[in-house]
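Below are the sequence and a predicted model; questions follow.
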Amino acid sequence: MATRPKGRTIDRRNREPEILAAAIEVFHKKGYAAASLRDVADIVGVLKGSLYHYISSKEELLARICVESHKQSSMIMQESLDSADTPLDQLRTFLHKTAIWYLTNIERVHIYFNEGKWLTGDRLEEVRTQGREFHAFIRSLIDRARSEDRIRTDVDPRVAAQLIIGALNNISTWYRPDGLYSPEEIAGIYTDMTLASLANPVPGLVSA
């Protein structure tokens with residue numbers, strides 16, 4: 001029976017999670033265009049050639065980061081639909097959960113919205129399709145809530161969805177983890193302000 005030569009250790013770990021984490025760190029710090037696979041390999045602690053056991057190119061790494069980020073959004077969409085019976089409450093849950101995820105994954109969010117433009121072909125189209133799905137989901141909840149008289153009739157769901165997404169997408173440009181507010185607090189403020197701008201006035205309530 002053959003035996004393994006002494007002094008040799010074979011590392012059979014799946015390094016893919018480490019590689020993706022390293023790519024997120026490098027792409028966020030340097031930007032996709034300036035980053036290299038050697039940068040990623042140095043953080044993981046492997047030779048550059050070893051990365052090709054897991055990925056075919058730098059662009060594939062970027063695509064995987066974007067796809068995984070969208071999977072999180074898709075999960076939150078489904079959780080929001082399952083969490084409540086009314087579209088307004090579903091929208092509340094979705095905005096709050098999404099804001100928290102953005103605030104606790106600043107690097108991923110920054111890469112998705114600022115570096116995803118470097119994707120090409122089918123990969124770029126996939127990201128664009130994901131963006132349209134995200135917009136359509138928010139728009140449909142607003143439209144349904146408006147049909148139930150929970151949102152003002154003068155609100156255009158398309159415009160409202162775009163403004164909501166714009167505010168979410170910019171979180172990574174200004175939020176600081178060492179700032180005054182926690183992710184939960186910022187998410188709560190964002191959700192309350194957003195819904196307050198859309199909601200129908202409570203009958204009989206007169207402003208001072």
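Ah, there it is. Numbers count the residues shown, from 1 in each chain.

And stretch 183-192, what's buried?
Within stretch 183-192, the residues that count as buried by 16 or more other C-beta atoms under 10 Å are P183, I186, A187, G188, Y190, T191. The way it works is simple: take the backbone N, C-alpha and C, and place the C-beta from them, glycine included.

nope, stretch 153-171 is what I meant
Neighbour-count burial for stretch 153-171, with 16+ other C-beta under 10 Å as criterion, is recorded at V155, P157, A160, A161, I164, I165, L168, N169, I171.

And stretch 193-204, by the same measure?
Neighbour counts using 16+ other C-beta under 10 Å place T194, L195, L198 of stretch 193-204 among the buried residues.

can you give me the offset of the worst-scoring helix or strand of the chain on mean pLDDT from its chain's centre?
Across the helices and strands of the chain, mean confidence by mean pLDDT, DSSP states H and E is lowest for helix 171-174: a mean of 85. Offset of helix 171-174 from its chain centre (C-alpha atoms, centre = their mean, to the nearest Å): 13 Å.

on contacts alone, who are the packing partners of the helix or strand just after that helix?
Next helix or strand after helix 171-174 toward the C-terminus (DSSP states H and E): helix 183-198. If you count contacts as 3 or more C-beta pairs under 8 Å, 6 or more residues apart in numbering; DSSP states H and E, helix 183-198 packs onto helix 87-104, helix 157-169.

The first one - what's its average pLDDT?
Looking back up the chat, that one is helix 87-104. On average, the pLDDT along helix 87-104 is 96.

Check which residues of the helix or strand just after it are buried.
Per DSSP H and E, the first helix or strand lying C-terminal to helix 87-104 is helix 106-114. Judged by neighbour count (16+ other C-beta under 10 Å), helix 106-114 contains these buried residues: I106, R108, V109, H110, I111, Y112, F113, N114.

N200 is in contact with D149, correct?
Yes. Counting by C-beta atoms under 8 Å, D149 touches N200, with 6.0 Å between them.

Tell me which helix or strand the closest residue to A63 other than its chain neighbours sits in.
Nearest residue to A63, sequence neighbours excluded (C-beta to C-beta, 6 or more residues apart in numbering): R123, at 4.5 Å. Assigning secondary structure by DSSP H and E places R123 in helix 121-147.

wait, what's in contact with G131?
By C-beta atoms under 8 Å, 6 or more residues apart in numbering, no residues touch G131.

and it, what pLDDT?
91.

Same check on the one 10 residues further on?
In this model, L141 is scored at 97, pLDDT.

From K71, how far out is it?
Noted for L141: a distance of 20 Å to K71, by C-beta to C-beta, to the nearest Å.

In terms of neighbours, single out the busier of the two.
For L141 and K71, the more surrounded residue by other C-beta atoms under 10 Å is L141, and the numbers stand at 26 against 11.

my guess is the more buried one contacts P87, does it?
Yes. Under the criterion of C-beta under 8 Å, L141 makes contact with P87 at 4.7 Å.

Give me the helices and strands touching the helix or strand where D82 lies, please.
Assigned by DSSP H and E, D82 belongs to helix 58-83. The elements that helix 58-83 packs onto, with contact taken as 3+ C-beta pairs under 8 Å, 6+ apart, are helix 16-30, helix 37-44, helix 87-104, helix 106-114, helix 121-147.
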